[in-house]
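In: Take a look and give me a structure for this.
(2 chains)
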Amino acid sequence: MAHWIIIPVVLPALVAPFIVLAARYHIGIQRVFALAGVTALIAVAAGLAWQASDGTVTLYQLGDWAAPFGIVLVADRLSTMMVLLTAVLGLFVLLYAIGSGWDERGRHFHALFQFQLMGIMGAFLTGDLFNLFVFFEVLLIASYGLMIHAGGNARLRAGVQYVLFNLIGSTLFLFALGSIYAETGTLNMADLAERVQLISPENTVGIRVAAVLLLLVFAIKAALVPLHFWLPASYAEAPAPVAALFAIMTKVGAYAIIRVYTMIFPPELAATAGLHDVWLLPAALISLAIGMVGVLAAKSLDRLVAFSVIGSMGMVMVVIALFTPESIAAALYYIVHSTLAAATLFLISDLVRTGRADVALTPQAPMAGAPLTAALFFAAAIAMAGLPPLSGFIGKLLVLDAAFDSDRMALIWAVVLVSSLISILGFARAGSVLFWKANSIDPTEDAVQTRPHALAYVATGGLLALLVAHTVFAGQMHGYTTQMSAQLFAPEPYLSEVLETPGKLSEPKEGH
Amino acid sequence: MELLVSSAIGVLTAGGIYLMLRLRTFPVILGISLLTYAVNVFLFASGRLTVGAPPILRDGVEVYTDPLPQALVLTAIVISFGMTAVVVMIGLGAYLGSNDDHVDDQPTSDDTSGGAA
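Out: Presented below is the predicted three-dimensional model:
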C-alpha cells in the first residue's frame, strides 16, 4: 500500500516509452495501451482519493530520505481529488482523440499524452517546490509536442508563442526558487511553512520578493490578466482534444496558488500581507471581466471557448483571493466544474469544425450532425455561463455566498453578475449564429461535410454527464470541498506527517 | 566577488530582457538563453558564495559550500538546454512554413485568425 502514491507518476512514465518503442507503427496497439494506462490511472487515483477522504495525509519518501533533505510526495484530500479529476478527464479526452482520429494526424500523440498526464499528476502530488518546477517542465515539454501535433503554419506560430511564454515563466520560477532558497535554506513546502514564520519582521525583503515572483509564475499558469496573453491563441490553435486536456493545466496554476498561499504564505502572515487582497483580487476581477467580454467579442468558436477559460479562471481566482475556508471550498467546487465545462466546450468546437470545415462565427449552411452538436453546445454553454440548472449556477452561487461577508462584496457581486450576463449573451450569440441561422442558408454543392464519429459524441456526452453528476451531487461535493479546505487551513497534520516521519538520515550512525 | 557575481547576473538579465523584447525568433531565443544563464548563476549564488570549499563531507575540513544549489543548477541547465532545443525546432518550423520570424501576430487586413492560407 505504501507505494501507491508514486503510481500516478510512474505508470504513465512506463506506458509512454513502451508506446514509443514497442508500438510505434501500430496505432491500434497504441490506443489499447493508452486506454488501459488511463483506466488503471483512474483506478489508482480513485483508491488514493478514497484513502485520503477520511483526512489521512499519506507521505511517500523517494529513496527513503526524510523530508527536508529528500523529495516527498504527499497525498491529501486536495491532491488526490485533482489527480482523480485529471485521470477522468484524460480518459474522455483520449476517447475523443481516438474517435475523431486526431491521434492519427501526427506522430507520438499517445506517448506525449501519457507524459503530459505524468507531469500533471506529479505537480499535484509533490511536496517540494523544486520538484514542482521539474514536474511543471515535464508537463510543459509534453504540452509543446501536443500543442503542435498535426502541424500547420498557424499552429506552429501559436506554438512558438506558447513555448516562449512558458520558457520565460520557467525562468521566473527559477528566480523565485533561488530567492526562496537563499532566504530560508529549504525548498520542502512543509519545512518552508515553518521557516517562513520564523523570519524576523525586519528581514522580510527577500521572502516578500520571492512570494511575489512565485505568485507571478502561478498566475502565468492560471492565465490571470495581465499574464493571460499566451492562452487564447495557443488554446484555439491546439488540436481540440489537446486543448480539452489543457483545461486542467490552468487549474495546476490555481492548485499551486491554493497550496502555497495557504500553507507557506498564509493570509495572516505579516510579511506577505496585502498580496491576496490588494493584488490578486483586482487582477482576478479584471480576468473575469476580460474573459467574458472576450466571449462576446470572439469571431470564432475556439477563441470564444479560450476566452471563457480565462473568464472562469478569473472566477476561480476571485474566490481564491478571498482566502477564507468557505471561499476555498467554493473555489474547489468551481475548479472541478470549470475543468469539465471547458473541456466539453473545446470538444464541441471540434465537433463543429468536423461538421462544417471551420469554426468561424458566421452563418453557413447547416453542419453535419447539427441537432446533436447543437444540443451538446446548448447544455455546455448553460454550464459555462452559469445558468441553472447545471453546476455553473451552483458554483456561482457558492462564489457569491463566499463573497457575502467580504468588505468588497458589492464590487465582487457586481463584476460576477455583470460578466455572467455578458457571457450568456456571448454564448447565445454564438449558438444562434452557428445553429439557427444556418437553416436560412442553402447548402452549396462543393461543401465537404463529414459527420463526427459516434465515439466523439460519446466522449463529449460523457464529460457532460460528469457535469450533470457534479450538479446532482453538489451537496456531497461541496461538503467534501469544505472538508478539503478545512484540511488546508489546519495544516498541522500535514506538516507533522511530512517533517516527523523518519527516514534514512533520521538517526545518524556513530562515527560520522 | 559578490559585486562581480551580482553584476554579472544583472547584465545577463538586462541583455536577456532587451533581446526578448525584439520580437523576432532568433533574438528572443538568444535572450531567453541569456536569461537562463543569469538564473543559473543566480541559483548557484543562492547557497552563498564560498571559494575553494568542498561540497561533500570529508575528514579535516571545517568550511563547506552548500551542495544543494549545485544540484538545482544542474537540473535547471539540463531542462533549459532541452527546452531551447525544442523552441529552436518549433521556431524553425514556423519560420520555414510562413516565411516570417515575427514572434507576435502581425496585423492583417482582415483580422480573422489568419495564417491558414
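In: Number of residues surrounding residue 43?
Out: Reading this off chain A. 12 (other C-beta atoms under 10 Å in any protein chain shown). For the C-beta atoms, the positions are set from N, CA and C on the backbone; glycine is no exception.
In: You answered for a different chain; I wanted chain B.
Out: 27.
In: So the one helix or strand it maps to, near chain A or not?
Out: Residue B:43 is located in helix B:25-45, with elements delineated by DSSP states H and E. Yes - applying C-beta under 8 Å from any C-beta of the partner chain, one finds helix B:25-45 touching chain A at B:25, B:28-29, B:32, B:35-36, B:39, B:42-43, B:45.
In: Export the residues you listed to a markdown table and append columns for distance to residue A:389 and pLDDT.
Out: Converted to a markdown table, those look like this (distance: C-beta to C-beta, whole Å; pLDDT from 0 to 100):
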| residue | distance to residue A:389 | pLDDT |
| --- | --- | --- |
| B:25 | 49 | 90 |
| B:28 | 48 | 93 |
| B:29 | 50 | 93 |
| B:32 | 48 | 94 |
| B:35 | 49 | 94 |
| B:36 | 50 | 94 |
| B:39 | 49 | 94 |
| B:42 | 52 | 93 |
| B:43 | 51 | 92 |
| B:45 | 57 | 90 |
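In: tell me which of the residues you listed is nearest to residue A:56?
Out: residue B:43 (35.3 Å; C-beta to C-beta).
In: what about the closest residue in space to the closest one that isn't next to it in sequence, is that helix, strand or coil?
Out: Spatial nearest neighbour of residue B:43, excluding adjacent residues (C-beta to C-beta, 6 or more residues apart in numbering or on different chains): residue A:178 at 4.4 Å. State at residue A:178, reduced to three classes by DSSP: H, G, I helix; E, B strand; the rest coil: helix.
In: who in the stretch 201-350 of chain A is up against chain B?
Out: Residues of the stretch 201-350 of chain A lying near chain B (C-beta under 8 Å from any C-beta): A:233, A:236-237, A:299-300, A:303.
In: go with 6 Å
Out: Applying C-beta under 6 Å from any C-beta of the partner chain, we find that the stretch 201-350 of chain A lies next to chain B at residue A:300.
In: Could you check what's spatially nearest to the residue nearest in space to the middle of chain B, not counting adjacent residues?
Out: When C-alpha atoms, centre = their mean is applied to chain B, the residue found nearest the centroid is residue B:36 (1.8 Å). The shortest distance from residue B:36 to any non-neighbouring residue, by C-beta to C-beta, 6+ apart, is to residue B:80 (4.0 Å).
In: Give me the distance from whichever strand or helix holds that neighbour to the chain's centre.
Out: In this assignment (DSSP H and E), residue B:80 forms part of helix B:67-98. Helix B:67-98 sits 8 Å away from the centroid of its parent chain (C-alpha atoms, centre = their mean, to the nearest Å).
In: so what does it touch, helix or strand wise?
Out: helix A:153-184, helix B:25-45 (3 or more C-beta pairs under 6 Å, 6 or more residues apart in numbering or on different chains; DSSP states H and E).
In: nearest to residue A:364, of these?
Out: helix A:153-184 (19.9 Å).
In: Tell me the helices and strands packed up against the closest one.
Out: Helix A:153-184 packs on helix A:129-147, helix A:205-221, helix A:230-237, helix B:25-45, helix B:67-98, going by 3+ C-beta pairs under 6 Å, 6+ apart.
In: in the fourth one, what's buried?
Out: Right, the one you point to is helix B:25-45. B:25, B:27-45 (16 or more other C-beta atoms under 10 Å in any protein chain shown).
In: before we move on, the earlier item: among the helices and strands packed on helix A:153-184, which comes closest to residue A:442?
Out: Nearest of these (C-beta to C-beta): helix A:230-237, 29.2 Å.
In: so can I have CSV of the helices and strands packed on helix A:153-184 showing distance to residue A:196?
Out: As requested, those are arranged in CSV below (distance: least, C-beta to C-beta, whole Å):
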stretch, distance to residue A:196
helix A:129-147, 12
helix A:205-221, 6
helix A:230-237, 30
helix B:25-45, 19
helix B:67-98, 18
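In: out of these, nearest to residue A:379?
Out: Comparing those by C-beta to C-beta, helix A:230-237 comes nearest, at 21.0 Å.
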